[in-house]
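Trainee: Mind folding the following:
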Amino acid sequence: MKIDPPHETSDGSTTESEKSEIYTVSCHDSGDGLPYAPEDFPNSGDIWGWKVGKRIGIKGYFRDRYLYLPTRFYEELKSTRPTCIPSKGFASKSSVERFLLEVFPGMNTNAFFASFNWNIPGKIKDQNYPGNTEFSSDCSPKFDPAGCKAGNINCSSLQETKHSNIMPCDICCIEPLFCHDCCCILCSKTVNSLNGDQSFIRCEATVKDGLICGHICHVKCGLRSYMAGTVGGTIGLDVEYYCRRCDSRTDLIPYVTNLFRSCEQIGYGEKIMKVLNLCVIILRGSNRPNAKALLHRVQSAVKKLKDGHSHEDIWKREDTSAVTTGEVSQCETDTLDVSCVKEPSQHQISFPNFDNRLESIELELMIGKTLASLKKSQETEYRIAEDILTTQKNYLLDLYEELDKEKKILAKCSPPADPSLVRVVFTRMCQIKSEFDKITTMQEVGKGFGKTSKNILKEHFGVQAADN
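Mentor: This is a model prediction of the structure:
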């Protein structure tokens, strides 16, 4: 079906009379018809609607503009082709073009866009834009639209040297006020990314083609969301940060080390205690020896700070080899002499060397190994169940296809039908019912292998459950 949009010249360009109608609009303005929406398309009297958002690009045009179907056309499509109607209007040229080609295959979309002005100019105080970077008071914040989208004057994107090796993002970064360089990916609030602010982490994992992720996250947001620190379960973090955007992990030991060193420059007061407590929260629960050693240093500094030690004494590095290597000092390993205590046998009693910290580490390692083994066994059980259930599903689907073919062959036979064909169909149906019952029984494994019948595990999954 060939559609010729109205208001176009022979070469498909916009007429001069229409250009004279162009006017600037304010944020969130809306209207109907020319110059910013088509008229008389697809039928005479059909007038499209338009609306703009808040963001204005560097050339002075709105970056967010929407196009809406005429009422008559909308009602017609709602009854005939409801799946192609957008719920909130068209937000891009490509979405309009896809719609037009779906409804009117083969139409000239260039001629359609030439019938009105897609670019809508926004009102600005100085018409010599872009020399002036201030927008009108009812529009975007007063900042350079080519810089930080969030209007953050402390954004690293305003530096002369900007990151050039960051991957493009069409998920969170297309949000109107979300800035890739200074907005937290979890709470969307800004950080001071220019002046050494250490309240956030930047994911520098290489994603593809040498490009890094580059998204940032408040450390506290990561801890609250169980995406930072030491987290059990399926995520399995050990003093790490998990990036929600690219699924990469970042080691937090270097971050905590820098944070701890910065405390020496802070001195005393509530601020330094908050920083040290944050270090403790990030490090606690870890099974890594270097994390344990660093945690010991941080906790020692906290205790000295509370006890009123001098500044030099607080940051004096202690020997933490006892925690990390199992060696302990002589003063900690002296045998407890209880020779003065006499039992009826008159034998002397002595206790073996004992260190609470070492015993704690041993217990943590023991529990860690047990949990790791449990996780591994569960993953093995999951893979077994996945493989066998998938195989059974595919086999059942193949039987359905065979039944469909056999039923079509039977339908083509003129009466009286060949009894053998009828028997084949009924036999296939019985086979499908049997296999379907089998896959239904196999679903018991969803409770876990430990709660599944031994007969089911043995017959369907080839697992021989141990007798108690």
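
Trainee: list the helices and strands the helix or strand containing residue 260 packs on?
Mentor: Under the criterion of DSSP states H and E, residue 260 resides in helix 253-266. Helices and strands touching helix 253-266, by 3 or more Cβ pairs under 8 Å, 6 or more residues apart in numbering; DSSP states H and E, are helix 270-283, helix 289-307. Every residue, glycine included, has its C-beta placed from N, CA and C.

Trainee: what angle do it and helix 289-307 make?
Mentor: If you take axes from the mean of the first three to the mean of the last three Cα atoms, to 10 degrees, helix 253-266 sits at 20 degrees to helix 289-307.

Trainee: Average pLDDT for stretch 25-41, rounded please.
Mentor: Stretch 25-41 shows a mean pLDDT of 90.

Trainee: and if you look at stretch 86-95?
Mentor: 78.

Trainee: what do you get for stretch 151-159?
Mentor: Across stretch 151-159, pLDDT averages out at 73.

Trainee: Longest strand in this structure, by number of residues?
Mentor: Secondary structure of the chain per DSSP state E: the longest strand is strand 237-242.

Trainee: ok so, going back, where does the helix holding residue 260 sit relative to the chain's centre, distance-wise?
Mentor: 28 Å (Cα atoms, centre = their mean, to the nearest Å).

Trainee: if I look at the closest residue to residue 409 other than its chain neighbours, how far off is residue 407?
Mentor: Once flanking residues are discounted, residue 409 sits nearest to residue 421: 6.5 Å by Cβ to Cβ, 6 or more residues apart in numbering. Remark: distance between residue 421 and residue 407 (Cβ to Cβ, to the nearest Å) = 10 Å.

Trainee: Present the helices and strands packed on helix 253-266 as CSV; the columns should include mean pLDDT.
Mentor: Formatted as CSV, these follow (pLDDT from 0 to 100):
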stretch, mean pLDDT
helix 270-283, 88
helix 289-307, 88
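
Trainee: how about JSON lines for these, with mean neighbour count added?
Mentor: Shown next, in JSON lines, are the helices and strands packed on helix 253-266 (neighbours: other Cβ atoms under 10 Å):
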{"stretch": "helix 270-283", "mean neighbour count": "17"}
{"stretch": "helix 289-307", "mean neighbour count": "17"}
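
Trainee: can I get those in TSV with distance to residue 49?
Mentor: Listed next are the helices and strands packed on helix 253-266 as TSV, based on distance: least, Cβ to Cβ, whole Å:
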stretch	distance to residue 49
helix 270-283	51
helix 289-307	59
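
Trainee: where in the stretch 101-250 of the chain is pLDDT low?
Mentor: Counting by pLDDT under 70, the stretch 101-250 of the chain shows low-confidence ranges at 124-147, 158-164, 193-196.

Trainee: And the helices in the stretch 351-468 of the chain?
Mentor: 356-412, 419-442, 454-461 (DSSP state H, counting those that start in this stretch).

Trainee: scratch that, the stretch 51-200 of the chain is what I was asking about
Mentor: 71-80, 93-103, 109-114.

Trainee: Give me whichever of these is most buried.
Mentor: Comparing the helices of the stretch 51-200 of the chain by mean neighbour count (mean count of other Cβ atoms under 10 Å), helix 109-114 comes out on top with a mean of 18.

Trainee: burial count for residue 64?
Mentor: Neighbour count for residue 64, taken as other Cβ atoms under 10 Å: 17.

Trainee: Confirm for me that it is in contact with residue 91.
Mentor: Yes: using Cβ atoms under 8 Å, residue 64 is in contact with residue 91, at 7.3 Å.
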